[in-house]
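Peer 1: Need a 3D model of the following:
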Amino acid sequence: MLPIKEGVCQYTELLVTAWVNDMTTWNGDKGSGKPLPPNININFIGQNEGENPVVLHRFTSGDALTDYSATYDDRPANKNVGKWQQVCYTMAINNSSQFEKYFIEVQNNTIHTYGADYAIDDVRVYKNPILKCGEKVLVQHPL
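Peer 2: Residues are numbered from 1 along each chain as shown. A predicted model of the protein is given here:
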């Protein structure tokens, strides 16, 4: 879990980025089908002391990019194995629920365990606007 430091106010926009590296290789006999590529959920969670965490937003990456145009050991081979792919999404906090702490959780979302071997690196969370809770801002548009 990745904690989000400082408060998160209503209408705060978050940008979450991460890098995923597909490390899936073949296992078993040639008739077992292609291994699953990485597929992850990124959950934005709020929690108060002594209470269960609440998932406020969930992003699903979908399957990582694959390219089975090559062959290895007489099987289709994914050319994207070992290549880093970036995942990113934005969301806005649209409810007024206030929690004591917030964090990001990365969760495996594949349908079974054959495949989906991956590494995750450089998970980052950006907040906008960078205002303190309750602070007022006057925005003027040029004429």
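Peer 1: Check the gap between residue 89 and residue 116 for me.
Peer 2: When Cβ to Cβ, to the nearest Å is the yardstick, residue 89 and residue 116 sit 20 Å from each other. (Each C-beta comes from the backbone N, C-alpha and C, glycine too.)
Peer 1: With neighbour numbers in mind, choose between those two.
Peer 2: Neighbours per residue, other Cβ atoms under 10 Å: of residue 89 and residue 116, the larger number sits with residue 116, 21 against 15.
Peer 1: Now do the contacts for the nearest residue to that one once chain neighbours are set aside.
Peer 2: Among residues not flanking residue 116 along the chain, residue 110 sits closest, at 3.8 Å (Cβ to Cβ, 6 or more residues apart in numbering). Counting by Cβ atoms under 8 Å, 6 or more residues apart in numbering, residue 110 makes contact with 36, 38, 39, 116.
Peer 1: Ok, residue 103 next?
Peer 2: 1, 2, 3, 4, 45, 47.
Peer 1: Just the buried residues from those, in ChimeraX please.
Peer 2: Only the buried members of those enter the following ChimeraX selection, criterion being 16 or more other Cβ atoms under 10 Å:
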select :4,45
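Peer 1: Show me the two of the contacts of residue 103 that sit farthest apart.
Peer 2: Checked with Cβ to Cβ, these reach their widest spread between 2 and 47, with 13.4 Å between them.
Peer 1: can you pull out the strands in the chain?
Peer 2: Counting by DSSP state E, the chain has strands at residues 2-4, 13-22, 40-47, 54-60, 70-72, 75-77, 84-92, 101-108, 118-128.
Peer 1: Present these as JSON lines; the columns should include mean pLDDT.
Peer 2: As requested, the strands of the chain are arranged in JSON lines below (pLDDT from 0 to 100):
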{"stretch": "strand 2-4", "mean pLDDT": "85"}
{"stretch": "strand 13-22", "mean pLDDT": "92"}
{"stretch": "strand 40-47", "mean pLDDT": "92"}
{"stretch": "strand 54-60", "mean pLDDT": "92"}
{"stretch": "strand 70-72", "mean pLDDT": "84"}
{"stretch": "strand 75-77", "mean pLDDT": "82"}
{"stretch": "strand 84-92", "mean pLDDT": "92"}
{"stretch": "strand 101-108", "mean pLDDT": "91"}
{"stretch": "strand 118-128", "mean pLDDT": "90"}
